[in-house]
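1. quick one, what's the 3D model for this:
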Amino acid sequence: MKSLLESAAFRLIQGFSLVLAKLPMQRALAVGKFFGICAFYLSNRRRVAYADLKAAFGSRFDGQERWRLVRKHFAHMGQLGVEVIRSPSLDQSYIHQMVEIHHRERFDQAVAKGKGVVLLTAHLGNWELLHMVAGLLGQPMYVLARGQKQKRLDESMNQLRQKHGSVAVIRGMGIRELFRALKRKQLVGLLGDQDAGKDGGVILPFFGRKTTVPTGAFEMARRSGAALLPCFDVRKPDGRHEIFVTEEVACEGKAGDEQTLIPAVRTYLERLEQLITEHPEQWLWGSKRWKHSWTKRILILSDGKPGHVKQSEAIAAQLSRLPAQYGRPGMEYPQETIDVRFHSPLHRKLFPWFALIVMPWIQGRLGLLSFFFEKDSARQLVQARADFIISGGAGLVPLNLCLARECRAKSIVMMRPGFPFNFFRYDLAVIPAHDNGRMPKETFRTLLAPNPLTRESLQADAQKLRGELRNAAKVRFALFLGGDTRQFKMNLGAIEKVVAVLERVAASMGDYVITTSRRTPPEVVAFLKAQQHHWQRCQKMVVANEDTRPEIAGGMMALAEVLIVSEDSISMISEAIASGKKVVVLTLSTRDLPLKHQRFQNLLIAKSAVIAGSAADLENILLQSDQQPAGSDALEAEQLALQRRLEAIL
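-> Predicted coordinates for the structure are as follows:
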C-alpha cells in the first residue's frame, strides 16, 4: 500500500512538473508561492520556524512581523521548488539575465590554484542553483546529497542535479568520491549550516545559542589542500538571484583535530548570519536547527511571593548545575526573572479563562496580554525568549503554558495546578507530597519545597554575617519568625515566651540570633525592637523589611546548630531542613494550622526531619537537642532524584 501511494505521489509531481515547465517563469513562481502559502497553513513546521525566529532575533520583530516572515519563508520554499523543477531548461541566457555573481574573481582565483575547490553554502535562497550555475560556467561539481525516503523522488532529484553536469554523491561511502574529485582538481559542493547531531561537529554560538556545527567541509579542505570558498545565493524581489562569493577561508591545524578548525567555522557562521539577518525569510527556519543546543535560556515567572520565587530559583539552580549534555561540556544558562503584575484582582481571576480559550492560538499574539498585565510586565512577557519556563504557585500556571507555547519551551511548574490545568501536559510538575487532588502525569512529588541553598552558599552567607556578631562561635540557636496569612494569626504572647526561653537556655548552651519575615505582624516587630536591648544572649536581631540582604537567613542557618522555625512557612521549614541542621517547628498561632501545613508537618515528623512543639515545650526540646537527629537521609536522596529528572528533560 505504501509503495502504491509513493508511486501515485511521484506521478502527481511529474504531471505537475510538466505543467509548470510550460508556464512563463513569473507565472510558475506565482504558482509556487501559492502552494508554499498553502503549506504554511497545513504544516506544523510553521510553529518551529516562528519560535526559532524569535529566539534568534528577539524583539527586532513583533509577533505579527514574525508570522509574516514565516509566511514569506513558506512562499519562498514554494518558489524554490518551482525553480528546481524547471532547472533542466536553464541555459547561459538565464544566467546572464537572472543571476548576478558578486566577486566572481574569487571563484576563478580558487579554481586557478589547481588544488580543487570546496564550495560551502547553506540552506539560503536557492542553494541548488549554485551547482547549476557552476555547471553552466563550465565548472560542474560533485554535490553531497542527503538521501530521500521516497526512492523515486530521490532518483528524480539526482537526475535534475546531473542535467548540468553535476554529480550527486550520497552521504556515507560517497565521501571518498568527493576526495577523489578534489584530487582531480574538481569542485565539491557542500552544505554546512544544519545541526551536526548530539555527537558530531563543534559547539559554537549561532544566533546567540550554542549548537553543533558540522566540520566535514573544513576537514575535507584541510586534508586535500583544496580552497574552501563560502558561497551563498539570495533571491531578489523581482525573481532574479544574487550569488555572493565570499573570501576564501583558511583551514589550518592538524588533520583530525576539530578544535583547530573552530576559527574557520566561526568565520563561515559570521558571514552566514549576516546574510540571514538581511534576508531572514530565505533561510530554512523550520528544520529544528537548534534541536541540540548547549544554551538553555531560563525564564522565571514571579508572583511576588518570596517562597514561590525561591522554589523557582532552586529549580533553575539545579538545572544550571548540569555542566554537560550528551556527555559534552559547555552548557550555559542565561536567566531572566519577570515580575508578573496584574492590573487588578479581577484581571487575575479572568486570565485563566482567557488563557484556556486562546492558548492553542497564542503564538504570535502575546500582545493580548496587555489587557491583563501592567505595562512593564506585559512588555517583558511579550519579548521573553526561553527554553525553560519555571513558575511557582498555581496562579501563574496558565501564563506559563501560554509562554511555553509561544517559545516552544519546556514548562516546569511547582504546586498542583488548579482545575482544569491539572489535566494539561507539563514537562515537569514539582508538587509537594502534602498536596492532594488530581496530579498531572509528569508529577515529581517532594517532601520539601525546592530551595536554592547549598552548603557552599550557606558558608558564604555565614562569612558575610560573622563580622556583625560579638562572637559567632558562641551562636547555638537561630529563630526564624514568619507571619500572618489568610488562615494563620501569629500570637504575640507565644513570641514573648519563646524569647524568654531562649534567654534562659542560652545562659548555659550558647547564644542566639533572630530574624523576621516580611509577613511578621507589626506588633511582633515592635516588641522585638523594643526589647532587644534587654536581651543579653541575642547577638543579632534582623527585621526583614528593614534589612533585605539575601545572606541574612542563610548566614544564620550556617552559624547556628539548632534552627527554630514558626509553623506558617513551608518554604522556610524546607530551607532549614535542607541546611542539614536540627530543626524545631514551633506552634505560634491562636488558630488551627491549614490542613496542608498539618500534612506537611506530619510527613516531616514521620521522617524524623523535625521536632514539633509549642512555646511551652520549647525549653525541654532545646535542652534535649543534643540527642536529636539532624535532618534525614531520605531528603538528600529526594534531591538527587529531582536532579536526574531535570537532566532527563534537558
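2. residue contacts, residue 177?
-> Residue 177 is in contact with 142, 167, 169, counting by Cβ atoms under 8 Å, 6 or more residues apart in numbering. C-betas here are computed from N, CA, C, even on glycine.
3. so how far is residue 140 from it?
-> Counting by Cβ to Cβ, to the nearest Å, the gap from residue 177 to residue 140 is 14 Å.
4. so how far is residue 361 from residue 368?
-> To residue 361, residue 368 is 10 Å away according to Cβ to Cβ.
5. which of the two has more residues huddled nearby?
-> For residue 368 versus residue 361, neighbours defined as other Cβ atoms under 10 Å are more numerous around residue 368 (16 against 10).
6. I figured the more buried one hits residue 358, correct?
-> Yes: counting by Cβ atoms under 8 Å, residue 358 is a contact partner of residue 368 at 6.8 Å.
7. secondary structure element for residue 244, which one?
-> Using DSSP states H and E, residue 244 maps to strand 241-245.
8. so what strands line up beside that strand?
-> For strand 241-245, the paired strands and their directions (DSSP bridges) read strand 99-102 (parallel), strand 227-235 (antiparallel).
9. now tabulate those strands in TSV and tack on distance to residue 66 and mean neighbour count.
-> Compiled in TSV, these are given as follows (distance: least, Cβ to Cβ, whole Å; neighbours: other Cβ atoms under 10 Å):
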stretch	distance to residue 66	mean neighbour count
strand 99-102	29	16
strand 227-235	20	23
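10. how about JSON lines for the ones you listed, with mean pLDDT and distance to residue 580 added?
-> JSON lines is the format used below for the strands paired with strand 241-245 (pLDDT from 0 to 100; distance: least, Cβ to Cβ, whole Å):
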{"stretch": "strand 99-102", "mean pLDDT": "93", "distance to residue 580": "66"}
{"stretch": "strand 227-235", "mean pLDDT": "96", "distance to residue 580": "56"}
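11. just the CA trace of the strand holding residue 244, in CSV.
-> The C-alpha coordinates for strand 241-245 follow below in CSV (Å, rounded to 0.1, in the frame of the first residue of the first chain):
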residue,chain,number,x,y,z
HIS,A,241,19.2,35.9,-8.0
GLU,A,242,22.4,37.2,-6.4
ILE,A,243,25.3,34.9,-5.7
PHE,A,244,27.8,36.1,-3.2
VAL,A,245,31.3,34.6,-3.4
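12. what residues does it touch?
-> Identification of contacts with strand 241-245 by Cβ under 8 Å, 6+ apart yields 98-104, 106-107, 125-126, 129-130, 133, 229, 231-236, 275.
13. after it, next one along is what?
-> Using DSSP H and E, the first helix or strand after strand 241-245 is helix 262-278.
14. from the middle of its chain, how far away would that following helix be?
-> 23 Å (Cα atoms, centre = their mean, to the nearest Å).
15. that one: which residues count as buried?
-> Across helix 262-278, burial judged by 16 or more other Cβ atoms under 10 Å covers 262, 264-269, 271-273, 275-276.
16. now swap in stretch 315-332 and tell me
-> 315-320, 325, 331.
17. on that earlier part again, okay, angle between the strand holding residue 244 and helix 262-278 too, please.
-> 160 degrees (axes from the mean of the first three to the mean of the last three Cα atoms, to 10 degrees).
18. what's around residue 252, how many residues?
-> Residues near residue 252, counting by other Cβ under 10 Å: 11.
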